[in-house]
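>>> Let's see this in three dimensions:
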Amino acid sequence: MEDVLLSPLKLGSFNKSSVSGRSTPRSSPTFRRVHSGRTPRREGKGSGRAVQWFRSNRLLYWLLLITLWTYLGFYVQSRWAHDDDSKVEFLRFGGKLREDVLHVEQNKQKDSVANESSHTVVDNTNIVHIGVNKRMHVTLAKKEDGISRRSLSSRKRTRKSGRSSRAKIGIKQKVKKVVEAKDSDEQYQELPNTNVTYSKIFGPFGSLENTILEWSPQKRSGTCDRKSDFKRLVWSRRFVLVFHELSMTGAPISMMELASELLSCGATVYAVVLSRRGGLMQELTRRRIKVVEDKGELSFKTAMKADLVIAGSAVCASWIDQYIDHFPAGGSQIAWWVMENRREYFDRAKPVLDRVKLLIFLSEVQSKQWLTWCEEDHIKLRSQPVIVPLSVNDELAFVAGISSSLNTPTLTQERMKEKRQKLRESVRTEFGLTDKDMLVMALSSINPGKGQLLLLESVALALEREQEQEKVAKSNQSKIKNLNGIRKEKISLAVRHRLRDSSRKMKITSPVIDNPSVLSATVKRKLLSSGNVTQKQDLKLLLGSVGSKSNKVAYVKEMLSFLSSNGNLSNSVLWTPATTRVASLYSAADVYVTNSQGIGETFGRVTIEAMAYGLPVLGTDAGGTKEIVEHNVTGLLHPVGRPGNKVLAQNLLFLLRNPSTRLQLGSKGREMVEKMYMKQHMYKRFVDVLVKCMRP
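Residues are numbered from 1 along each chain as shown. This next block holds a predicted model:
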């Protein structure tokens with residue numbers, strides 16, 4: 001009996017028909033299928049086997065799944081680390097933000113509102129603060145919340161819980177905005193709303209700088225020296241910089257510039273801000289410096305992951321103490337850049353001075369003073385302190401016409417000098433000054449330590465002496481006229497001929513040679529030699545920084561009282577608000593004064609900035625100022641306190657009468673800055689800090 005071999009197709013057909021309950025032959029009409037509209041399935045052996053093999057190989061399946069999750073994890077982490085705007089999108093759930101993310105956004109809005117509300121409007125008689133804007137922001141916030149609630153009421157009732165949570169968040173927003181408005185009001189209490197003394201507030205001139213210079217800080221690119229050791233050490237490292245405040249003063253601005261340089265050199269930087277009051281938050285955002293939203297637990301966790309923590313003031317002592325208590329080994333990664341030199345700051349910092357890795361000072365005088373105090377209190381430091389003076393940043397050096405990383409083939413040093421001269425003329429026109437006026441400038445926070453009141457007294461004394469000397473000069477002129485009248489008929493003809501011949505040799509034109517008044521020229525020069533004035537100049541004083549967080553209200557009121565009691569002095573005093581755009585002010589000035597009292601200035605950042613712009617410096621013979629200013633070479637020094645008022649007044653009059661001496665002193669100061677206080681000099685010293693403190 002022959003074996004019948006069934007083909008696979010027939011076997012499949014037979015089995016299928018058996019299962020379905022059909023025994024009808026394929027050729028019968030009832031077996032014929034109605035043609036379907038679907039595309040018939042193609043049965044390929046290769047694809048089927050591949051799918052079956054993939055399903056049976058579970059190891060390959062899990063490897064692909066792990067690879068996919070790893071890729072997604074790295075992608076999310078990179079977006080989180082490099083794009084702050086995308087963080088909000090990542091944390092959206094159900095179309096709404098989590099409360100913690102909303103808190104971060106509220107803080108950012110709060111900072112921008114605080115900066116916008118800090119501007120002032122000045123008319124001819126008084127100054128009016130835009131304090132109304134603070135209330136407007138709160139009012140608008142309430143209206144917007146009301147609109148959102150009305151629109152939510154038309155939604156389905158199933159979203160009632162969502163509406164209630166959002167309403168609670170809206171209440172928190174309003175409360176925070178009201179508190180923020182009160183803080184801003186407190187910051188500007190030292191400025192009266194109506195006061196004729198403040199009618200002469202000028203600036204800031206940021207927009208004018210952008211127009212004339214055809215450049216702005218927003219256009220700045222990376223300024224890192226790619227070949228420097230500093231760049232090599234900080235590349236791909238993590239840093240945490242601790243700001244004690246965000247006022248537009250020396251320490252916060254220096255820390256901000258350090259953060260910008262670290263970012264430019266390829267480092268990751270986080271900023272911990274202990275006090276957000278001030279005007280630098282907007283600038284930190286513009287420079288893309290990440291600010292840790294919490295100065296407590298979150299800041300400690302961020303610092304633990306950093307390669308180095310740099311604290312920028314003695315006021316940071318409380319944060320350092322809490323951080324080391326939270327993470328005892330954290331002290332070995334802290335470099336403390338102390339920028340104060342007064343005893344009260346040492347007393348605040350001494351509990352943790354021996355717990356940090358390294359102390360950084362600004363000057364030799366400051367270092368010696370703090371080491372002496374440490375010996376008196378039996379404090380043993382972990383390592384020898386390092387001295388890192390401040391420097392002139394690239395933006396100011398660029399406008400001053402000094403070589404910097406911002407120079408381009410179209411914006412050379414010579415080209416910037418021309419633009420700076422044009423900027424000087426424009427700003428002085430805004431001030432109402434002429435070429436006959438000598439503008440003396442002092443930029444700093446207004447408090448007793450900076451000595452602005454003593455400076456006003458010195459200017460008043462100088463103006464008083466100038467008026468007295470003008471009276472003496474007029475008296476001398478009247479004596480000369482009387483002397484000419486007596487000698488008119490006694491002059492011999494021979495003398496007249498000799499004078500006529502000498503005048504021809506010197507090629508001096510005289511309207512009437514026979515005029516007897518010519519004979520008294522020598523006598524006139526002798527009588528007026530003490531004046532030594534070729535062209536009369538007026539003294540003007542520019543004071544800043546109005547609105548600074550560090551200003552002392554009582555001290556400002558005392559200055560206003562002094563000005564009101566000296567009416568003529570008010571006409572010679574100008575004011576300017578706190579700002580980071582100071583290139584226009586340095587360009588317009590002729591002399592700079594740093595009148596710090598007590599033990600003097602720690603270093604004097606504004607001192608080297610003024611010297612970079614070719615300004616002679618009149619400073620107190622104390623602190624870091626006497627290290628920077630060389631007497632009779634780059635400036636003139638005077639004693640601290642009221643005994644120094646007379647000397648400062650004499651120095652002001654001396655520079656007022658000798659414009660050529662001003663230029664000579666300013667030129668020497670500019671040369672010193674180019675040799676010692678440029679950015680590359682500071683970061684070269686900072687390399688020692690990185691080597692000693694940073695993790696290998």
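
>>> Give me the contact list for stretch 270-277.
107, 111, 114, 183, 187, 238-247, 255, 259, 281, 284, 289-292, 295, 299, 302-303, 306, 315-316, 318-319, 549 (C-beta atoms under 8 Å, 6 or more residues apart in numbering). C-betas here are computed from N, CA, C, even on glycine.

>>> do that again at 6 Å, thanks
With contacts defined as C-beta atoms under 6 Å, 6 or more residues apart in numbering, stretch 270-277 is touched by 240-246, 289-292, 295, 299, 302, 319, 549.

>>> and the residues you listed, which two are the farthest apart?
Largest separation among these by C-beta to C-beta: Thr302 and Lys549, giving 24.7 Å.

>>> So which of these two has more stuff around it?
Lys549 (22 against 18; other C-beta atoms under 10 Å).

>>> helix, strand or coil for the more buried one?
Of the three states, Lys549 takes coil under DSSP: H, G, I helix; E, B strand; the rest coil.

>>> show me where pLDDT drops low in the stretch 351-500 of the chain?
Where the stretch 351-500 of the chain drops to pLDDT under 70, the residues are 478-479, 481-500.

>>> correction: the chain
Judged by pLDDT under 70, the stretches of the chain that qualify are 1-51, 53-55, 76-199, 218-222, 478-479, 481-536, 695-696.

>>> Would you mind pulling the contact partners of the lengthiest strand in it?
Assignment by DSSP state E gives strand 538-546 as the longest strand of the chain. Under the criterion C-beta under 6 Å, 6+ apart, residues 437-443, 459, 572-578, 656 lie in contact with strand 538-546.

>>> Spatially, which two of those are the most separated?
Ala578 and Leu656 (27.7 Å).

>>> So which of the two has more stuff around it?
Between Ala578 and Leu656, counting by other C-beta under 10 Å, Ala578 is the more crowded of the two (25 against 21).

>>> before we move on, back to that, nearest to Leu396 among the contacts of strand 538-546?
Closest to Leu396, out of all of the contacts of strand 538-546 and judged by C-beta to C-beta, is Leu443, at 12.3 Å.

>>> how near is the closest residue in space to Val582 that isn't next to it in sequence to Val392?
Excluding the flanking residues, the one nearest Val582 by C-beta to C-beta, 6 or more residues apart in numbering is Leu443, at 6.6 Å. To Val392, Leu443 is 14 Å away according to C-beta to C-beta, to the nearest Å.

>>> now Trp370
25 Å.

>>> hang on, isn't Asn210 packed against Pro204?
No - with contact defined as C-beta atoms under 6 Å, Asn210 does not reach Pro204; the gap is 11.4 Å.

>>> Comparing the two, which residue is more hemmed in?
Taking neighbours as other C-beta under 10 Å, Asn210 and Pro204 compare with Pro204 leading, 19 against 15.

>>> From Gly312, how far off is that one?
In terms of C-beta to C-beta, Pro204 sits 24 Å off from Gly312.

>>> how about stretch 641-658: buried residues?
Neighbour counts over stretch 641-658 (16 or more other C-beta atoms under 10 Å) mark 644-653, 655-657 as buried.

>>> Out of those, name the ones that lie in helices.
644-653, 655-657 (DSSP state H).

>>> could the residues you listed go into CSV alongside distance to Met678?
What follows is those, written out as CSV (distance: C-beta to C-beta, whole Å):
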residue, distance to Met678
Gly644, 31
Asn645, 34
Lys646, 36
Val647, 31
Leu648, 29
Ala649, 34
Gln650, 33
Asn651, 28
Leu652, 29
Leu653, 33
Leu655, 26
Leu656, 31
Arg657, 33
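
>>> and Lys675, how many neighbours?
Neighbours around Lys675, by other C-beta under 10 Å: 9.

>>> meant to ask about Arg232, not that
13.

>>> I'd assumed it was in a strand, is it?
No - assigned with three-state DSSP, Arg232 falls outside any strand and is helix.

>>> So which elements touch the longest helix anywhere in the chain?
The longest helix of the chain (DSSP H) is helix 452-487. Counting contacts by 3 or more C-beta pairs under 6 Å, 6 or more residues apart in numbering; DSSP states H and E, helix 452-487 is packed against helix 643-657.

>>> what is the orientation angle of the helix it packs on with strand 538-546?
Here the directions of helix 643-657 and strand 538-546 differ by 120 degrees (axes from the mean of the first three to the mean of the last three C-alpha atoms, to 10 degrees).

>>> Report the angle between helix 643-657 and helix 452-487.
Going by the same axes, to 10 degrees, helix 643-657 is angled at 50 degrees with respect to helix 452-487.

>>> could you point out which element follows helix 643-657?
The helix or strand immediately downstream of helix 643-657 is helix 659-676, counting by DSSP states H and E.

>>> quick one: that next one to helix 643-657, angle?
Using the same axes, to 10 degrees: helix 659-676 against helix 643-657 is 110 degrees.

>>> how about the CA coordinates for helix 659-676, as PDB?
Extracted C-alpha coordinates of helix 659-676, given in PDB (Å, rounded to 0.1, in the frame of the first residue of the first chain):
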ATOM      1  CA  PRO A 659      45.000 120.500  34.200                       C
ATOM      2  CA  SER A 660      48.400 119.300  32.800                       C
ATOM      3  CA  THR A 661      49.200 117.800  36.200                       C
ATOM      4  CA  ARG A 662      45.900 115.900  36.200                       C
ATOM      5  CA  LEU A 663      46.800 114.400  32.800                       C
ATOM      6  CA  GLN A 664      50.300 113.500  34.000                       C
ATOM      7  CA  LEU A 665      49.100 111.700  37.200                       C
ATOM      8  CA  GLY A 666      46.300 109.900  35.300                       C
ATOM      9  CA  SER A 667      48.700 108.700  32.600                       C
ATOM     10  CA  LYS A 668      51.000 107.100  35.300                       C
ATOM     11  CA  GLY A 669      48.100 105.500  37.000                       C
ATOM     12  CA  ARG A 670      46.900 103.900  33.700                       C
ATOM     13  CA  GLU A 671      50.400 102.500  33.200                       C
ATOM     14  CA  MET A 672      50.300 100.900  36.600                       C
ATOM     15  CA  VAL A 673      47.000  99.300  36.000                       C
ATOM     16  CA  GLU A 674      48.100  97.800  32.700                       C
ATOM     17  CA  LYS A 675      51.200  96.300  34.500                       C
ATOM     18  CA  MET A 676      49.500  95.000  37.700                       C
END
